[in-house]
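Enquirer: Compute the structure for the input listed below.
(one chain, ligands or ions: 1)
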Amino acid sequence: MTVLVTGGAGYIGGHMVLALLDAGEKVVVLDDLSTGFRSAVQPPAKLVVGDFGDMALVERIFREHSIDAIAHFAAKIVVPESVTDPLRYYLNNTAKARNLLECATRHKIKHFIFSSTAAVYGEPQSSPIHETDPLVPINPYGRSKLMTEWMLQDTGKAHGLNYVILRYFNVAGADPKGRLGQSTPQATHLIKVAVQAALGFRPGLEVFGNDYPTKDGTCIRDYIQVTDLVAAHLMALEHLRKGGESLICNCGYGKGFSVFEVLDVVKEVSGIDFKVQISARRPGDPASLVAGVGHIKSMLNWTPKYDDLPTIVRQALDWERRLHNKPMREKSSAEDLLAG
Ligand code: UFG
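Expert: Numbers count the residues shown, from 1 in each chain. Purely as a prediction, here's the structure:
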């Protein structure tokens with residue numbers, strides 16, 4: 001059987017493709033390359049360039065391959081952008097996901113693994129957050145993903161599609177073997193931005209708000225290493241293929257770090273100081289998001305391997321250096337940044 005990975009040329013999806021290939025799985029990637037890279041998908045994985053909301057294309061893939069499972073990563077993921085351009089998020093993360101689900105039911109696909117987000121909880125009332133806690137997203141990104149969770153649950157009940165919904169906390173780091181990392185141009189995620197500032201690829205970094213009700217006034221997040229995260233997806237796939245029930249699981253380590261703490265680790269691991277400026281709060285940011293992880297550990301028997309912030313930062317630094325150390329002639333296109 002073959003796994004269809006939407007968004008498999010992107011950061012997290014690309015690591016999933018590597019993990020699936022390492023496990024001997026057959027993989028078809030569907031990616032429009034809007035933020036992903038052709039070179040992130042290496043044979044024997046097959047890349048189809050296109051839109052996962054294009055039902056004719058998706059149906060063709062289902063006809064041409066024996067797909068038993070979909071791992072759906074393709075999405076828009078930047079919280080502040082979702083505030084300024086909400087309809088883009090409702091189109092990509094909700095409306096197109098609906099089309100994908102319709103194709104999946106028509107072709108009787110058995111298993112669906114969905115990349116959801118801690119943003120579905122909004123501003124949590126208690127910490128750590130459990131899967132059963134209230135779902136009150138405070139930004140369009142979280143709402144666009146929550147609607148897809150609901151569609152998936154309803155579709156699962158009506159059509160016998162088994163699913164695992166994984167609610168990611170803050171994903172960071174890179175493949176420990178150095179094959180892949182986060183290559184997104186104009187990245188906004190904290191660890192990526194901080195590493196770029198340390199290496200001098202940005203003039204410095206803005207801290208968005210130091211007046212939150214947290215220990216040092218900056219936002220607290222639970223940073224999970226990307227290889228650990230995709231390992232949870234492989235375990236979810238195995239669980240479903242063995243006939244396991246549909247699940248919703250948080251993906252994090254159950255530990256929170258403030259923005260200042262992350263910056264300290266980046267400065268310490270890199271040995272480089274960089275300019276930090278305090279700015280106003282960024283719209284849509286909850287003060288603190290820390291995962292309760294009992295459920296994923298008990299249901300999927302998931303044990304993280306890289307639960308260590310300095311290790312995650314070191315991987316991000318190594319990847320960033322690789323991206324920028326390519327000779328200039330190789331930097332003719334963004335894709336080349338990833339090649340080799
Ligand atoms: N931050 C800064 N300066 C920066 C970048 C980020 O201060 O240059 C702060 C943010 O304000 C926030 C924290 O660092 O407080 C983390 O921000 P990120 O942009 O790295 O990540 P988010 O928490 O906004 O969002 C990420 C994913 C979402 C996911 C969420 C869940 O992008 O998909 O984590 O915790 F929903």
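Enquirer: Check the gap between the residue lying closest to residue 44 once chain neighbours are set aside and residue 207 for me.
Expert: Leaving aside its chain neighbours, residue 44 sits nearest to residue 21 (6.8 Å; criterion: C-beta to C-beta, 6 or more residues apart in numbering). For the C-beta atoms, the positions are set from N, CA and C on the backbone; glycine is no exception. Relative to residue 207, residue 21 is positioned 39 Å away (C-beta to C-beta, to the nearest Å).
Enquirer: Could you check which of the two has the larger neighbour count?
Expert: Per other C-beta atoms under 10 Å, whichever of residue 21 and residue 207 has more neighbours is residue 207, with 20 against 16.
Enquirer: The more buried one bridge partners, please.
Expert: For residue 207, the beta-bridge partners are residue 278 (DSSP bridges).
Enquirer: who touches it in this structure?
Expert: By C-beta atoms under 8 Å, 6 or more residues apart in numbering, the residues touching residue 207 are 218, 259-260, 263, 276-279.
Enquirer: Check these one by one and keep those near the ligand.
Expert: residue 259 (C-beta under 6 Å from any ligand atom).
Enquirer: Just the closest residue of the protein to the ligand, please.
Expert: Distances between the chain and the ligand by C-beta to the nearest ligand atom are smallest at residue 219, namely 2.9 Å.
Enquirer: Tell me the spacing between that residue and residue 140.
Expert: 19 Å.
Enquirer: same deal with residue 307?
Expert: Distance, residue 307 to residue 140, using C-beta to C-beta: 31 Å.
Enquirer: So for these two, which sits in the more crowded spot?
Expert: Set residue 307 next to residue 140 and count neighbours by other C-beta under 10 Å: residue 140 wins out with 24 against 17.
Enquirer: Surely the more buried one touches residue 94?
Expert: No. The pair residue 140 / residue 94 is not scored as a contact, 9.7 Å apart, by C-beta atoms under 8 Å.
Enquirer: Quick check: the residue of the chain closest to the ligand touching residue 261?
Expert: No. Using C-beta under 8 Å, residue 219 is not in contact with residue 261; the gap is 10.8 Å.
Enquirer: Looking at those two now, which is surrounded by more residues?
Expert: Remark: of residue 219 and residue 261, residue 219 carries more neighbours, 24 against 16, as counted by other C-beta under 10 Å.
Enquirer: Does anything pack onto the biggest helix by length in the chain? Which helices or strands?
Expert: Longest helix of the chain, by residue count under DSSP state H: helix 140-159. Using 3 or more C-beta pairs under 8 Å, 6 or more residues apart in numbering; DSSP states H and E as the contact test, the elements touching helix 140-159 are helix 79-84, helix 86-89, helix 96-106, strand 111-117, strand 162-168.
Enquirer: got a pLDDT number for residue 11?
Expert: pLDDT, residue 11: 96.
Enquirer: May I ask you to confirm that it is in contact with residue 182?
Expert: Yes. Counting by C-beta under 8 Å, residue 11 touches residue 182, with 4.6 Å between them.
Enquirer: Please enumerate the shared neighbours of those two.
Expert: Common contact partners of residue 11 and residue 182 (C-beta under 8 Å, 6+ apart): residue 226.
Enquirer: Quick check: residues of the protein near the ligand?
Expert: By C-beta under 6 Å from any ligand atom, the part of the chain that sits against the ligand consists of 77, 79, 117-119, 169-170, 188-190, 193, 205-208, 219, 221, 259, 282, 285, 289.
Enquirer: Could you name the helices and strands sitting against the lowest-mean-pLDDT helix or strand in the chain?
Expert: Ranked by mean pLDDT, DSSP states H and E, the weakest helix or strand in the chain is helix 79-84, scoring a mean of 93. Secondary-structure packing of helix 79-84 (3+ C-beta pairs under 8 Å, 6+ apart): helix 86-89, helix 140-159.
Enquirer: What lies in contact with the shortest one?
Expert: In this structure, residues lying in contact with helix 86-89 by C-beta under 8 Å, 6+ apart are 76, 81-82, 140-141, 144.
Enquirer: which one among those gets closest to residue 175?
Expert: Nearest to residue 175 among the contacts of helix 86-89: residue 76, at 23.4 Å, using C-beta to C-beta.
Enquirer: give the contact list for residue 203.
Expert: Contacts of residue 203 were listed using C-beta under 8 Å, 6+ apart, and they are 197, 275.
Enquirer: let's see 10 Å
Expert: Taking C-beta atoms under 10 Å, 6 or more residues apart in numbering as the criterion, residue 203 is in contact with 197, 274-275, 277.
Enquirer: Check the secondary structure at residue 239 for me.
Expert: Recorded secondary structure, residue 239: helix (DSSP: H, G, I helix; E, B strand; the rest coil).
Enquirer: For it, which non-adjacent residue is closest in space?
Expert: residue 300 is the one closest to residue 239 (C-beta to C-beta, 6+ apart), at 5.9 Å.
Enquirer: Please apply the same query to residue 208.
Expert: residue 282 (3.8 Å).
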